[in-house]
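Asks: Let's see this in three dimensions:
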Amino acid sequence: MSVSVIIKWGGQEYSISSLSEEDTVMDLKQSIKTLTGVLPERQKLLGLKVKGKPAEDEVKLGSLKLKPNTKIMMMGTREESLEEVLAPPPENDDVVNDFDIEEEVIEVENREENLAKIARRVKDYKVEEMNPPREGKGLLVLDVDYTLFDHKSCAETGQELMRPYLHEFLTSAYEDYDIVIWSATSMKWIDAKMKVKPLGVIWGKYGEFYNRKNTIMFDDIGRNFLMNPQNGLKIRPFMKAHLNREKDRELYKLAQYLKEIAKLDDFSGLNHKHWERYLSKRQHH
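Replies: I've put the predicted structure just below:
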């Protein structure tokens, strides 16, 4: 009997019908490699389960009892794009968001193993609390590298690498939001290549104060919101501080956006991708 499946990856569907029930999961992965260029060891096939556990490579396809044209979601990256992902972000302004694929985002958001890691993390994670949470405030989560500081350029002092308007921005934001500064350095616990910063850790620890409705997170890398896509705002990276110190107005404008949305009870209807549009509409009224 032949086995036919459809692999969904990167917003595309690839159909494979050349396999038989005697072929193994590894044979399937080899076929996928031919179509997509993703190496078998980089492929994660979602939904191929044996007794609730992901199917091992040597499992025969016949034993998985797949219906014809079953859709299987693959997560994985081609080698060259892995190299690109792990390299420092390109210097140009229009850094593409490498995860603009809704379905993959939802998959990651709900993957049980990640949720289990979060639950463990909530238990073990030590938050360095400078000030206790304040009733009725939103939560602003900030990344450091390229968001608040250009940590790569040469400079005499940290002052020179600081993003313009940073102190004013923090002062203004603190009126309406408690602020968490999150740097990936201590976050080795989720696969380093995914550098996901799950807000669930904070929500789990401070559930009575913060949740999806009142939390917003700034980061210059889209994949850092994978677990909580709805709560992330992708800020333009601040690089080449010596050239851009004079002209970068991002924090100035974002301070105003935070003021505007602080009036809302619930952020979950906002699409932070369009924050500039939202801001200019509000300011013209």
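Asks: what are the phi and psi values for the residue nearest to residue 141 when sequence neighbours are not counted?
Replies: Nearest residue to residue 141 in three dimensions, chain neighbours excluded: residue 217, at 3.8 Å (C-beta to C-beta, 6 or more residues apart in numbering). (Each C-beta comes from the backbone N, C-alpha and C, glycine too.) With angles defined as degrees, to the nearest 10, residue 217 shows backbone torsions of phi -130, psi 130.
Asks: go on, residue 74?
Replies: Taking degrees, to the nearest 10 as the convention, residue 74 sits at phi -110, psi 140.
Asks: Same question for residue 14.
Replies: Dihedral angles for residue 14 - degrees, to the nearest 10 - are phi -120, psi 120.
Asks: what bits of the stretch 1-150 of the chain have low per-residue confidence?
Replies: Counting by pLDDT under 70, the stretch 1-150 of the chain contains low-confidence ranges at 81-116, 118, 121-122, 124-126.
Asks: What ranges does it have for its strands?
Replies: 2-9, 12-20, 44-46, 49-50, 53-54, 70-75, 138-143 (DSSP state E, counting those that start in this stretch).
Asks: winner for burial among these?
Replies: The highest mean neighbour count among the strands of the stretch 1-150 of the chain, using mean count of other C-beta atoms under 10 Å, belongs to strand 138-143: a mean of 22.
Asks: Residue 71 touches residue 4, doesn't it?
Replies: No: assessed by C-beta atoms under 8 Å, residue 71 is found out of contact with residue 4, at 11.0 Å.
Asks: Isn't the residue nearest to residue 141 up against residue 228?
Replies: Yes: here residue 217 lies in contact with residue 228, judged by C-beta under 8 Å, at a distance of 7.2 Å.
Asks: Show me the one of the strands of the stretch 1-150 of the chain that comes nearest residue 175.
Replies: With C-beta to C-beta, the closest approach to residue 175 among these belongs to strand 138-143: 10.6 Å.
Asks: ok, and for the helix or strand following the closest one, which residues are buried?
Replies: Elements were assigned by DSSP states H and E; along the chain past strand 138-143, the next helix or strand is helix 158-161. Using 16 or more other C-beta atoms under 10 Å as the test for burial, helix 158-161 gives residue 161.
Asks: residues in contact with helix 158-161?
Replies: Under the criterion C-beta atoms under 8 Å, 6 or more residues apart in numbering, residues 149-151, 153, 155, 241-242, 245 lie in contact with helix 158-161.
Asks: can we see that at 10 Å?
Replies: Counting by C-beta atoms under 10 Å, 6 or more residues apart in numbering, the neighbours of helix 158-161 from elsewhere in the structure are 148-155, 166, 238, 241-242, 245.
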